[in-house]
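> Take this sequence and fold it.
(chains A and B)
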Amino acid sequence: MLSGTLSVEALLDRISSETRAQIAQRQLDNPLMIGIRTGGAWIAERLHRECGLETPLGVLDISFYRDDFTQVGLNPKVQPSQLPCPVEGRHILLVDDVIMTGRTIRAALNELFDYGRPASVMLITLLDLQRRELPIQADVVGGTLVLGPDQSIKLSGPDPLILTIRQRD
Amino acid sequence: MSEANTHCPLQLTPNGQLRHFLNTEGLPRELLTEILDTADSFVDMSAQQVKKVPLLRGKTVVNLFFEASTRTLSTFELAAKRLSADVLNLNISTSSTKKGETLKDTLMTLRAMHSDMFVVRHSDSGAAHFIAGQVTPDVAVINAGDGRHAHPTQAMLDMLTIRRHKGAFEPLRVAIVGDILHSRVARSQIHALRTLGAAEIRVIAPLTLLPHSIESLGVKVFTDMACGLRDVDVVIMLRLQKERMQSALLPSEAEFYKLYGLTREKLAFAKPDAIVMHPGPINRGVEIESAVADGERSVILDQVTNGIAVRMAVMSMAMSGQLAMQQQTGSDNHNG
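Residues are numbered from 1 along each chain as shown, chains lettered A, B, ... in the order given. Got it, this is the predicted structure:
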């Protein structure tokens, strides 16, 4: 039974070095990093610095693309996505903090493709909870975790970044 | 198996979500604020490269306009299309004498086409409420103006415009000027301003264009423009409803302009940073001087932009609420 906090720094170190390795291995020319609001954007800010990328960081808000519109309704706090340049023909590094069912990534991909046609999309995540409901696969994973049925995990930030596992009473 | 709470007003689901948007009256402040926040995000979005979102994809929105309108109709159409909905525009004349029967038949026909949302404009007060009562929960209804009663989306886009220019509502003095008697816009604005906590709401009009006992709505009445405009933060000019006037309520348009038209001289009584609004279309030289309408204090064109965003917001929210109710009824049936 897990509870408490996880070390974000250790996970960040791992995805940072792996991302740099992948960029070199795949020979990605001038990649565009995009973080998914909010947790993914915080992670992406750190990663963007450590990878020393030229192109400014982009932020994606997927609220309008969610598939659970009828259950949770609209989030009135949604802010517009901000992409510093066109997506067309670019190699995208898509960053999220936690991947579970894969639905957030599905929404992010749909939104990305409404902006244009990327050359490729590489998916980077801090944590994989391995409870997929869709065939989505991350290319860079900091760590995997299996939560109990009454547990959830949340990243708080932007500074300090803390991963907390919560037990539902 | 649960029944819908019969005590909740028609516009809201039992847990307070919007399911129809008929009226600003009686809606809680939190909900009006949620509409404004949601609309804000749509305004920002429209300035981006991708102007469409998939929120209403696969849904059919029918614009049921029993009263002519190009402007309101086109903004609702644009709003629905930016939400990726399929849009059907129906302009129906109200020449039929058996109005009630014909209306019901029209609704039955549209229901058979599996529509998801009706946007209704009608010359009879209460029409939108009537229609909502007939078609709920299968269809969400948005009131685009009914008789002299309400024009809630116009009021909310005005609120959004005020908020985007002025910030909080609490310190504001707002003046509404013109044909208050015939204005459904004014009524909806007054209810919204009160709920959102504006410091002072003033109406400025000749006695013949003021409804009886309008003070009971919580407004201060002025018949003199100079007094009424003193130190206000927001001036909302109303269109002179020529087609609605059935008796000689004014000597002439020229007389109206002299006493109640917004000129640069009259605007000087308001605060130096006061904003000038008008729901449109403007009658230059009747309610407002061209120099003011085109001047730097005028936010009339912002109102148009904000109108699309507000309509996107209420359509998404009402669709979401109605879908949630349909789902719940569906699952209740399975469990029951």
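> and the closest residue in space to residue A:168 that isn't next to it in sequence, how many neighbours?
Nearest in space to residue A:168, with sequence neighbours left out and distances taken as C-beta to C-beta, 6 or more residues apart in numbering or on different chains, is residue A:150 at 4.5 Å. (Each C-beta comes from the backbone N, C-alpha and C, glycine too.) Here the number of neighbours of residue A:150 (other C-beta atoms under 10 Å in any protein chain shown) works out to 10.
> got it, and the one 4 residues further on?
Under the neighbour criterion other C-beta under 10 Å, residue A:154 is assigned a count of 12.
> now swap in residue A:139 and tell me
Counted with other C-beta under 10 Å, residue A:139 comes out at 15.
> next one: phi and psi at it?
Main-chain dihedrals, residue A:139, degrees, to the nearest 10: phi -90, psi -30.
> That one touches residue A:25, doesn't it?
No: contact status for residue A:139 versus residue A:25: not in contact, 10.7 Å apart, counting by C-beta atoms under 8 Å.
> how near is the residue nearest to residue A:168 to residue A:102?
From residue A:150 across to residue A:102, the span is 22 Å (C-beta to C-beta, to the nearest Å).
> what's the answer for residue B:59, then?
Distance of residue B:59 to residue A:102, given as C-beta to C-beta: 25 Å.
> Residue B:66 now?
Computed as C-beta to C-beta, the residue B:66 to residue A:102 distance reads 47 Å.
> List the contacts of the closest residue to residue A:137 other than its chain neighbours.
Nearest residue to residue A:137 in three dimensions, chain neighbours excluded: residue A:123, at 7.2 Å (C-beta to C-beta, 6+ apart). Residue A:123 sits next to A:94, A:96, A:99, A:105, A:136, A:137, A:138, A:139, A:140 when contact means C-beta atoms under 8 Å, 6 or more residues apart in numbering or on different chains.
> quick check, the fourth one in a helix?
Yes: read with DSSP: H, G, I helix; E, B strand; the rest coil, residue A:105 is one of the residues of a helix.
> Kindly export whichever helix or strand residue B:266 is part of (C-alpha atoms) in PDB.
Following DSSP states H and E, the helix or strand that holds residue B:266 is helix B:264-267. Extracted C-alpha coordinates of helix B:264-267, given in PDB (Å, rounded to 0.1, in the frame of the first residue of the first chain):
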ATOM      1  CA  ARG B 264     -20.000  64.600 -26.900                       C
ATOM      2  CA  GLU B 265     -21.400  67.300 -24.700                       C
ATOM      3  CA  LYS B 266     -23.700  65.000 -22.800                       C
ATOM      4  CA  LEU B 267     -21.000  62.300 -22.500                       C
END
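> what helices or strands is the next helix or strand after that helix leaning on?
Using DSSP H and E, the helix or strand that follows helix B:264-267 in sequence is strand B:275-277. Helices and strands touching strand B:275-277, by 3 or more C-beta pairs under 8 Å, 6 or more residues apart in numbering or on different chains; DSSP states H and E, are helix B:152-166, strand B:234-237, helix B:300-335.
> 6 Å instead?
Secondary-structure packing of strand B:275-277 (3 or more C-beta pairs under 6 Å, 6 or more residues apart in numbering or on different chains; DSSP states H and E): strand B:234-237.
> Identify the residues contacting the strand it packs on?
Contact with strand B:234-237 is made by B:162, B:174-178, B:262, B:270, B:274-278, B:287-288, as judged by C-beta atoms under 6 Å, 6 or more residues apart in numbering or on different chains.
> Put the alpha carbons of the helix or strand harbouring the residue nearest to residue A:137 into PDB.
Assigned by DSSP H and E, residue A:123 falls within strand A:120-128. Listed in PDB are the C-alpha atoms of strand A:120-128, where the atom choice follows Å, rounded to 0.1, in the frame of the first residue of the first chain:
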ATOM      1  CA  SER A 120       6.200  13.600 -35.800                       C
ATOM      2  CA  VAL A 121       5.000  13.500 -32.200                       C
ATOM      3  CA  MET A 122       7.100  12.100 -29.400                       C
ATOM      4  CA  LEU A 123       5.300  11.500 -26.100                       C
ATOM      5  CA  ILE A 124       7.100  12.200 -22.800                       C
ATOM      6  CA  THR A 125       5.700  11.600 -19.400                       C
ATOM      7  CA  LEU A 126       6.900  11.700 -15.800                       C
ATOM      8  CA  LEU A 127       4.700   8.900 -14.600                       C
ATOM      9  CA  ASP A 128       2.800   6.000 -16.300                       C
END
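> pLDDT on it, on average?
In this model, strand A:120-128 has a mean pLDDT of 97.
> what does stretch A:78-87 give?
Across stretch A:78-87, pLDDT averages out at 88.
> State the distance spanning the first to the last residue of that stretch.
21 Å (C-alpha to C-alpha, to the nearest Å).
> repeat for stretch A:48-64
This stretch, stretch A:48-64, spans 25 Å end to end (C-alpha to C-alpha).
> Any part of it near chain B?
Yes: Stretch A:48-64 reaches chain B (C-beta under 6 Å from any C-beta of the partner chain) through residue A:64.
> which bits of chain A sit near chain B?
Selection of chain A residues close to chain B by C-beta under 6 Å from any C-beta yields A:64, A:70, A:73, A:74, A:76, A:78, A:80, A:114, A:115.
> Just confirm the third one contacts residue B:320, I think it does.
Yes: with the criterion set as C-beta atoms under 6 Å, residue A:73 and residue B:320 qualify as a contacting pair; they are 4.3 Å apart.
> which secondary element of chain A has the worst mean pLDDT?
helix A:69-72 (a mean of 71; mean pLDDT, DSSP states H and E).
> Pull out the buried positions in the helix or strand following that one.
Remark: after helix A:69-72, the chain's next helix or strand is strand A:91-99, criterion DSSP H and E. Neighbour counts over strand A:91-99 (16 or more other C-beta atoms under 10 Å in any protein chain shown) mark A:91, A:92, A:93, A:94, A:95, A:96, A:97, A:98, A:99 as buried.
> need the contact list for the last one.
Taking C-beta under 6 Å, 6+ apart as the contact definition, residue A:99 lies against A:125, A:128, A:138.
> now do 10 Å
Residue A:99 makes contacts with A:40, A:105, A:123-132, A:136-138, A:141, A:144, as judged by C-beta atoms under 10 Å, 6 or more residues apart in numbering or on different chains.
> so the residue of the stretch 51-200 of chain B found nearest chain A, which of the three states?
Across the stretch 51-200 of chain B, no residue is closer to chain A than residue B:53, which sits at 3.8 Å (C-beta to the nearest C-beta). Put simply, residue B:53 is coil when judged by three-state DSSP.
> on that earlier part again, what residues of the strand holding residue A:123 count as buried?
In terms of neighbour count (16+ other C-beta under 10 Å), strand A:120-128 has its buried residues at A:121, A:122, A:123, A:124, A:125, A:126, A:127, A:128.
> all strands of the chain, in order?
Defaulting to chain A. Secondary structure of chain A (DSSP state E): strands at A:4-6, A:32-36, A:58-60, A:91-99, A:120-128, A:140-144, A:151-156, A:162-167.
> Actually, chain B is the one I wanted.
All strands of chain B, identified by DSSP E, fall at B:60-65, B:86-91, B:117-122, B:140-146, B:173-177, B:200-204, B:220-222, B:234-237, B:275-277.
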